[in-house]
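Trainee: I'll drop the sequence and a predicted model, then ask my questions.
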Amino acid sequence: MSTRTKILEAAATLLADSRVADVSTRAVCEAAGVGAPALYRQFGDKEGLLSAVVDYGFEQYLAGKRAATPSADPVQDLRDGWDSHVAFAVGHPAYYRLMYSPAVSAPPEAAAEAHRLLLEVLERCAAAGRLRVSPETAGQMIMSANVGVALMLVSRTDTYTPDVSTRVRDAVHAAVLTPRNDSAPGTAQDTATAAASLGAILRKTPPDALSGPETALLDEWLTKLSD
C-alpha cells in the first residue's frame, strides 16, 4: 500500500469516528504510521488532505453509481438512485458531511460526474415522455433535495427519521415527473412533456436534416418549452 493510500485510509477511518467531519494532521500521521513531512509532501497542508479525502469519498460513492445497470424503467432507476444516495450518506456520515461541506473550496470533478449520471437517467425519463420539465432543471431540483435530506439525516438524527427521505423523494419526483398517459392532448403540461421528450431524443440522435446550429437552436427552444 502506498504512503498516500495509507494516509487517506487513516484519515477516512478517523473521520468515520468524528462527529464534526474534521481530523488533526497529527492524529492522521499517528494512525498511518508516517511522519508529518510525508503527509505534507503528499497533500501540501490539511486543506489539501481533506480535499483528497473528499475525492476518495466521492470515488467510493460513484463506484456504486457506475456499477448500477439501467433497467427498462428509468423512473424506477431514478427512485433507486435517490435511495442509494441517502444510504451512502447514512452509512458514511462523516465522509458525507465533508463531501458536501461549504469548507471544501473547490468541488471535485467527481461531484460533476455524479450530476452527469443523474442527468443520464433523467434524459431516459424525458425520452419516455415522463418529465414535466427539462432534464437539467429536474436534475437541479432532485440533487439539491437529495443532498439536503441526506445531510439532515446524518446531522440531525434526533429530529429527522428515515421515512422523511421517501416522503421528500416522492414529493420532488411528483413535481418533475408526469404519470403515464397523464397529460391531455393540447394542454400546457402535454406540451412541456412532449418538448422534454423530443429534446432528449434530439440530443441522443441529432437529425441529419438539421445543421449543428439548427439542432442547437431547436434544443434551446425545446428546453424553454419544457421549463
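Mentor: That came through fine. Bear in mind that the values here come from a model prediction, so they are computed numbers and not experimental data. Residues are numbered from 1 along each chain as shown.
Trainee: Neighbours of Thr114, how many?
Mentor: No Thr there; residue 114 is Ala. 20 (other Cβ atoms under 10 Å). Placement of C-beta: from N, CA and C, glycine included.
Trainee: Which stretches in the chain count as helices?
Mentor: 3-16, 25-32, 36-43, 46-67, 74-91, 93-99, 109-127, 135-155, 163-176, 188-204, 212-226 (DSSP state H).
Trainee: how about those helices in JSON lines, adding mean pLDDT?
Mentor: JSON lines is the format used below for these (pLDDT from 0 to 100):
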{"stretch": "helix 3-16", "mean pLDDT": "84"}
{"stretch": "helix 25-32", "mean pLDDT": "90"}
{"stretch": "helix 36-43", "mean pLDDT": "90"}
{"stretch": "helix 46-67", "mean pLDDT": "82"}
{"stretch": "helix 74-91", "mean pLDDT": "94"}
{"stretch": "helix 93-99", "mean pLDDT": "80"}
{"stretch": "helix 109-127", "mean pLDDT": "89"}
{"stretch": "helix 135-155", "mean pLDDT": "94"}
{"stretch": "helix 163-176", "mean pLDDT": "94"}
{"stretch": "helix 188-204", "mean pLDDT": "75"}
{"stretch": "helix 212-226", "mean pLDDT": "81"}
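Trainee: Tell me which of those helices sits most buried.
Mentor: Neighbour counts (mean count of other Cβ atoms under 10 Å) averaged over each of the helices of the chain peak at helix 93-99, with a mean of 24.
Trainee: Counting by contacts, list what it packs against.
Mentor: Identification of packing neighbours for helix 93-99 by 3 or more Cβ pairs under 8 Å, 6 or more residues apart in numbering; DSSP states H and E yields helix 3-16, helix 46-67, helix 135-155.
Trainee: Output the second one as CSV - backbone C-alpha positions only.
Mentor: Listed next in CSV are the C-alpha coordinates belonging to helix 46-67 (Å, rounded to 0.1, in the frame of the first residue of the first chain):
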residue,chain,number,x,y,z
LYS,A,46,-4.6,20.0,6.0
GLU,A,47,-6.9,21.5,3.4
GLY,A,48,-5.2,19.5,0.7
LEU,A,49,-5.6,16.4,2.8
LEU,A,50,-9.3,17.0,3.4
SER,A,51,-9.8,17.7,-0.3
ALA,A,52,-8.1,14.4,-1.2
VAL,A,53,-10.4,12.6,1.3
VAL,A,54,-13.4,14.2,-0.3
ASP,A,55,-12.2,12.8,-3.7
TYR,A,56,-11.7,9.5,-2.0
GLY,A,57,-15.2,9.5,-0.6
PHE,A,58,-16.7,10.5,-3.9
GLU,A,59,-14.9,7.7,-5.6
GLN,A,60,-16.5,5.2,-3.2
TYR,A,61,-19.9,6.8,-3.8
LEU,A,62,-19.5,6.7,-7.5
ALA,A,63,-18.4,3.1,-7.6
GLY,A,64,-21.9,2.0,-6.8
LYS,A,65,-23.4,4.5,-9.2
ARG,A,66,-21.2,3.4,-12.1
ALA,A,67,-21.9,-0.3,-11.4
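Trainee: Alright, I will stop here.
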